[in-house]
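> Provided below for reference: sequence and predicted model.
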Amino acid sequence: MQLRLADIVQSLGGELRGDPQCVIEGIAPLESAQPGQIAFLANPKYRQQLAASRAGCVIVGAALADEAQQRGDCIVTPDPYLYYARLTQLWKRGLAAGTGPAIHPSAVVDPEAVVDATARIGPLCVVERGARIGAGTVLTARVNVGERCTVGERCILHPGVVIGADGFGFAPDKGAWVKIEQLGAVRIGDDVEIGANTCIDRGALGDTVIEDGVKLDNLIQIAHNVRIGKHTAMAGCVGVAGSATIGAHCTVGGSAGILGHLTIADHVHISSFTLVTRSIHEPGQYTGVFPIDDNASWEKNAATLRQLHKLRERVKALEKKT
């Protein structure tokens with residue numbers, strides 16, 4: 001695939017300083033880009049790489065425009081990283097044009113499912129009875145959308161995603177477990193992206209809901225009756241227990257966990273490996289990670305932590321005496 005700089009700027013905007021006829025054949029990192037490739041520089045701390053870069057064109061902000069122009073062709077834009085993101089989308093559209101049938105021959109689509117004519121269903125996918133797939137949505141290989149579950153428009157579901165498996169619900173009975181049938185579904189909004197092998201369970205009675213613009217990484221578990229607000233993003237291996245409600249524009253770092261029936265406000269940012277054990281009602285950054293240490297020191301600190309309650313009571317008693 002090839003694009004002239006003039007074509008890129010016509011599609012995405014920005015100020016071109018250089019040759020509009022320069023042909024770009026690929027996108028590459030700044031430090032390794034070759035003359036036929038375009039790169040970007042978003043963080044000024046990497047500006048020392050700019051002069052040495054062999055890229056045919058570099059996307060930069062206004063603060064680095066003059067330096068970039070001295071090196072060669074550049075596109076100046078208020079947000080180089082955002083411009084780069086949109087450029088990758090433009091490039092992907094060009095690469096994917098007209099490839100393969102809308103529904104792969106190996107896919108299984110129930111006659112009672114509704115799949116928009118512009119959706120694409122990849123190899124070995126299963127779309128069960130009563131499921132609905134919206135316009136422009138892409139299901140890649142081995143995606144399973146369970147019965148009565150809905151996926152909105154322009155969504156991307158990566159390989160191995162399972163939408164609508166049973167939630168984990170059992171009632172104890174004399175030392176055994178009695179299954180609670182999961183009678184709800186999963187409702188996914190528009191512009192949602194779900195990473196490989198991520199699972200979103202159907203609700204027990206009501207539905208599990210993923211709102212518009214949510215981005216989920218690989219290997220995430222979303223339990224039954226969870227609700228995730230608009231444009232929230234979660235990194236790999238996050239686990240969200242049943243009936244938790246997560247607000248809009250939140251971020252959750254990799255391997256973090258959120259216990260069931262909690263409420264997380266909008267604009268909350270949870271650090272990696274944090275275990276959320278209480279509701280969070282105010283926006284902000286929250287962290288609950290015990291720092292790594294050499295094992296001997298960690299064991300001593302862990303032993304001390306077990307005594308914290310007793311130490312607290314002793315301090316309170318001493319305070320009363322004084």
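Right, received. Where do you want to start? Residues are numbered from 1 along each chain as shown.
> mind giving me the domain split of the chain?
With domains defined by automatic domain parsing, the chain comprises 3-96, 108-286, 294-322.
> next up, the contacts around the closest residue to Gly184 other than its chain neighbours.
Excluding the flanking residues, the one nearest Gly184 by CB to CB, 6 or more residues apart in numbering is Gly203, at 2.7 Å. No exception for glycine: its C-beta is placed from N, CA and C like everyone else's. By CB atoms under 8 Å, 6 or more residues apart in numbering, the residues touching Gly203 are 167, 182-186, 224-225.
> surely Gly203 forms part of a strand?
No - according to DSSP: H, G, I helix; E, B strand; the rest coil, Gly203 belongs to no strand; its state is coil.
> now it: phi and psi?
phi -70, psi 160 (degrees, to the nearest 10).
> and the helix with the most length in the chain, C-alpha only, in CSV?
Secondary structure of the chain per DSSP state H: the longest helix is helix 80-96. Provided in CSV are the C-alpha atoms of helix 80-96 (Å, rounded to 0.1, in the frame of the first residue of the first chain):
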residue,chain,number,x,y,z
PRO,A,80,0.6,13.8,17.2
TYR,A,81,-0.4,10.6,19.0
LEU,A,82,-4.1,11.1,18.1
TYR,A,83,-3.1,11.8,14.5
TYR,A,84,-1.0,8.6,14.5
ALA,A,85,-4.0,6.7,15.8
ARG,A,86,-6.2,8.0,13.0
LEU,A,87,-3.4,7.3,10.4
THR,A,88,-3.3,3.7,11.5
GLN,A,89,-7.1,3.5,10.9
LEU,A,90,-6.7,5.0,7.5
TRP,A,91,-3.9,2.5,6.7
LYS,A,92,-5.9,-0.5,7.9
ARG,A,93,-8.9,0.5,5.8
GLY,A,94,-6.7,0.5,2.8
LEU,A,95,-5.2,-2.9,3.6
ALA,A,96,-8.6,-4.5,4.4
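> show me which residues of it are buried.
Judged by neighbour count (16 or more other CB atoms under 10 Å), helix 80-96 contains these buried residues: 80, 83-84, 86-87, 91.
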